[in-house]
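1. Got a predicted structure here, sequence first:
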Amino acid sequence: MISIRALERRFGAFALGPLSLEIGRGDYWVLLGPSGAGKSMLLHLLAGVFKPDAGVLCVDDRDVTSTPPEERRVGLVFQQSALFPHLSVTDNLAYALTVRGVTAAERRRRTDEIVSALGIGALLHRPVATLSGGEAQKVAIGRALAGRPQLLLLDEPLGPIDHNARLELQEELKRVHRTFGLTTLHVTHSRDEAFALGSHLAILQNGRIVQAGAADAVQAAPRCSFVALFLGLDAAAGAPRCQRSCLTTPGSCDHPAGA
Amino acid sequence: MKLSLTKAALVVLCLGAVHLGLAAMPGATLSPAWSFVLFATNLYVVYAALLVKVERRPAGLAMFAVGYLVLFLLLMVLLDKKPLFILLIILYASVFRSPFLLGCFAIFVLSFVVLQPYALETFVPLVLIYLVVWRVRDASRFARLCLTLGLVMFAAVLLPLFHLGIQDSLQTLGHTLARPDVQEAVWLSVASSTVATLFVALWGIPLAYALSRLEFPGKRLVESLIDVPILVPQSVAGIALLVLLGPASPLGAALNDAFGVQIAGRFVGIVLAQVFVASPFLIKTALTAFAAVPETLEMASRTLGASPAVTFWRITLPLASRGVAVGGILAWSRAISEFGAVVLFASAPLTAPVLVHTEFLRAGAAESRPIATLLLIICLWIFIVLQLGQTLLPTALQGAARGRPR
């Protein structure tokens, strides 16, 4: 159980939050929103790369607001896979175990587990620089999983990958979620991805959550026409029309921020 | 090529008549034997000219004639070297139709005939430049012009070093290297600049890393101040060190009283002077290298459970290592080449550059030359080895082509 309570952070002129969100164990949340809505920033706050200016972040009722990232047990996958170019694929996969001082035998056992779960055995002896976008992203996901995180954060993981590989990787993500049962937060601006993967949706705009909830519920009852439009739903299907300014300034129409 | 027998006979006859006339002229300078050899040579030249004409290159024949005339004026009229002329003219006629060989030939004549006393040190760089420019002959004319002009002028700038490098025989150099004072000075130079570089690395690498990652007021100022030692004249640096730490200064005297340590005129003094002049090179280069390591990689490492220090050791430093090494090599080179600050602040024991200077004052340029040559060769050799070594290190910008095969 992860609870985000009134989290706030300013980045120059951009203000993220205050945001509140309750994430249940094993849920697959998709954070959806236009570019610059603050989705990735929220992810980085959860990973601990940045510290919030205000608000509280709890994991299993433990306050981790000011815990450094290396003690949070989160796995973060970036848009550009961010594999370590000077290490082999195997060393990349085992990195989380190496830096935690896991013994060589245990390290091998756990990387083998990941390798067979993701089916990336063929990549182990390839130089990192020669991996395709999809292959690199699989290795990056494997690298994040090897540390046995409590929370998996995916920052537009399918962004720069070509269409076919994207569909394949999407299936892979579904399978990983089923196999490991990991609480997952997936940031994207593609609603196809959101509908295909998410058990829950949160729609962000200008640093605020416009609507959050179970995917079916959000689709059945979009809170306002912005949400309906963004999800490609029929805006006339009973969604309250928001003022035009809602598109630039969330909260200017009367739907409350947060779930 | 079709050449009728009558035409050929006519050419031979005309050419023969011209040479016969030249030899028979009153007051002729050519003996009959030389006239005959020249006749035979020119026959070959005419044959080559006909081959050129058949190719129908625009102005090909005119160019051929101009080249012949230049060689003739240069060797027969100006230098009066008949055998060389015959040799070169046959070579010229043979290579004219191959632009590449013609270029090499022109450089050969330029170096070995025109610039004869500097033949080797002009020929080698010019041929190398020619080869390079030949390799990029598909590039635009403008780019090739820039390259040629730049390389030729750069070679001219380095010419004194080429020239110095081949002045003394290996035997002389060997004798010089056997001198104990020379050995001592060279070892002292190598040792002090290595210690100076390691010392700069100790605090320069952390400083460079911090500057590449942190934003704080005055950061620009700090970055500019790092360059100050490059700007300060060496003699000023030497005086500044002397004023602060020399035996007459309060700090120098205090150190002397407290520990019996005198800094000026000691190994420590040499190292200090070298640290002063060398530090910017390491810090600036390392700073660029650290800035090229994406912060995403550090974030990834942190979320995978590595502390900031572990991340630095396992990710950032290895990926910046090539740049840091290049900075170290530059700093080392700058340290070993330092003369001004060292001679003022720590003129004894003698480092190699200072020894070259004292030998010059004592016995003149000819005496100090072998030491200078030795120093040049040793520095260059170490520099080349280090530069080759650093290419083995990883960088953050590894493309697909640079991937390490396993």
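-> Nice, thanks for sending it over.
2. Going by C-alpha atoms from here, please, whenever you check contacts or count neighbours.
-> Noted.
3. low-scoring pLDDT stretches of the stretch 101-250 of chain A, where are they?
-> A:234-250 (pLDDT under 70).
4. any idea where the strands of the stretch 151-259 of chain A begin and end?
-> A:151-155, A:183-188, A:200-205, A:208-214 (DSSP state E, counting those that start in this stretch).
5. For B:L386, find the nearest of the ones you listed.
-> Relative to B:L386, the nearest member of the strands of the stretch 151-259 of chain A by CA to CA is strand A:151-155, separated by 41.4 Å.
6. A:N92 is in contact with A:R143, correct?
-> Yes: assessed by CA atoms under 8 Å, A:R143 is found in contact with A:N92 at 6.3 Å.
7. who has more neighbours, these two?
-> Neighbour count, other CA atoms under 10 Å in any protein chain shown: between A:R143 and A:N92, A:R143 has more, with 29 against 25.
8. Ramachandran angles for that one?
-> Note on A:R143: backbone dihedrals following degrees, to the nearest 10 are phi -60, psi -40.
9. Likewise for the one 4 residues further on?
-> According to degrees, to the nearest 10, the main-chain angles of A:G147 amount to phi -80, psi 10.
10. tell me the contacts of it?
-> By CA atoms under 8 Å, 6 or more residues apart in numbering or on different chains, A:G147 lies in contact with A:R73, A:G75, A:A96, A:L97, B:L304, B:G305.
11. now do B:F108
-> B:F108 neighbours (CA under 8 Å, 6+ apart): B:F123.
12. Residue 178: neighbour count?
-> As the question left the chain open, I've gone with chain A. What A:R178 shows, counting by other CA under 10 Å, is a neighbour count of 11.
13. Switch to chain B, please.
-> Neighbours of B:A178 under the rule other CA under 10 Å: 11.
14. how near is it to B:A191?
-> 19 Å (CA to CA, to the nearest Å).
15. Please apply the same query to A:A94.
-> 41 Å.
16. Ok, B:F360 next?
-> 23 Å.
17. go on, B:W203?
-> Taking CA to CA, one finds B:W203 at 19 Å from B:A191.
18. Of these two, which one has the most company?
-> Shown here are B:W203 and B:A191; by other CA under 10 Å, B:A191 has more neighbours (16 against 12).
19. so that one is in which element?
-> helix B:180-213 (DSSP states H and E).
20. Show me what counts as buried in that helix.
-> By neighbour count on 16 or more other CA atoms under 10 Å in any protein chain shown, the buried set for helix B:180-213 is B:182, B:185-186, B:188-198, B:200-201, B:204-205, B:208-209, B:211-212.
21. Is any residue of that helix near chain A?
-> No: in terms of CA under 8 Å from any CA of the partner chain, no part of helix B:180-213 sits within range of chain A; the closest distance is 13.7 Å.
22. what about the strands in chain B?
-> Assigned by DSSP state E, the strands in chain B number zero.
23. Helix or strand with the lowest mean pLDDT in it?
-> Ranked by mean pLDDT, DSSP states H and E, the weakest helix or strand in chain B is helix B:250-259, scoring a mean of 77.
24. how near is the residue in the stretch 301-406 of chain B that chain A sits nearest to to B:M299?
-> As assessed by CA to the nearest CA, chain A sits closest to B:G305 within the stretch 301-406 of chain B, at 3.9 Å. B:G305 sits 10 Å away from B:M299 when distances are taken as CA to CA.
25. Which one's more surrounded, these two?
-> Neighbour tally, B:G305 and B:M299, criterion other CA under 10 Å: the higher count belongs to B:G305, 26 against 23.
26. List the contacts of that one.
-> A:P69, A:E70, A:E71, A:R73, A:A96, A:V99, A:R100, A:G147.
27. out of the residues you listed, who's nearest chain B?
-> Of all these, chain B sits closest to A:E70, with 3.9 Å by CA to the nearest CA.
28. Quick check: phi and psi on the residue nearest to that closest one when sequence neighbours are not counted?
-> Spatial nearest neighbour of A:E70, chain neighbours left out: B:G305 (3.9 Å); criterion: CA to CA, 6 or more residues apart in numbering or on different chains. Note on B:G305: backbone dihedrals following degrees, to the nearest 10 are phi 110, psi 10.
29. Likewise for A:V74?
-> Torsion angles, degrees, to the nearest 10, at A:V74: phi -110, psi 150.
30. residue contacts, the residue nearest to the spatial centre of chain A?
-> Compute the mean C-alpha point of chain A, and by CA atoms, centre = their mean the closest residue is A:H186, 2.8 Å away. By CA under 8 Å, 6+ apart, the contact list for A:H186 reads A:Y28, A:W29, A:V30, A:L31, A:L153, A:L154, A:D155, A:E156, A:P157.
31. Near chain B, which residues of chain A are found?
-> Selection of chain A residues close to chain B by CA under 8 Å from any CA yields A:47, A:49, A:69-78, A:82-86, A:95-96, A:99-100, A:125-130, A:144, A:147.
32. change it to 7 Å
-> When proximity is defined as CA under 7 Å from any CA of the partner chain, chain A approaches chain B at A:47, A:49, A:69-71, A:74-76, A:82, A:84-86, A:96, A:99-100, A:125, A:127-130, A:144, A:147.
33. What's the PyMOL syntax to select whichever of those residues are buried?
-> Remark: buried members of the residues of chain A next to chain B, expressed as a PyMOL selection using 16+ other CA under 10 Å:
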select buried, chain A and resi 47+49+69+70+71+74+75+76+82+84+85+86+96+99+127+128+129+130+144+147
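34. So for chain B, the centremost residue is which one?
-> Using CA atoms, centre = their mean, the most central residue of chain B is B:L158, at 5.5 Å.
35. Distance check, that one against chain A.
-> B:L158 sits 37 Å away from chain A, going by CA to the nearest CA, to the nearest Å.
36. now that residue: how far from B:L151?
-> According to CA to CA, B:L158 stands 10 Å off from B:L151.
37. Export the strands of the stretch 151-259 of chain A to JSON lines and append columns for distance to B:G327.
-> Output for those, formatted as JSON lines (distance: least, CA to CA, whole Å):
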{"stretch": "strand A:151-155", "distance to B:G327": "36"}
{"stretch": "strand A:183-188", "distance to B:G327": "40"}
{"stretch": "strand A:200-205", "distance to B:G327": "46"}
{"stretch": "strand A:208-214", "distance to B:G327": "46"}
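38. what number of residues lie near the closest residue to B:L386 other than its chain neighbours?
-> Sequence neighbours aside, B:I329 is the residue nearest to B:L386 in space, at 6.9 Å (criterion: CA to CA, 6+ apart). Here the count is done by other CA under 10 Å, and B:I329 has 22 residues near it.
39. Then the one 3 residues further on?
-> B:W332 has 29 neighbours, counted by other CA under 10 Å.
40. One more: B:G327?
-> B:G327 has 27 nearby residues by other CA under 10 Å.
41. Fine by me, we can end here.
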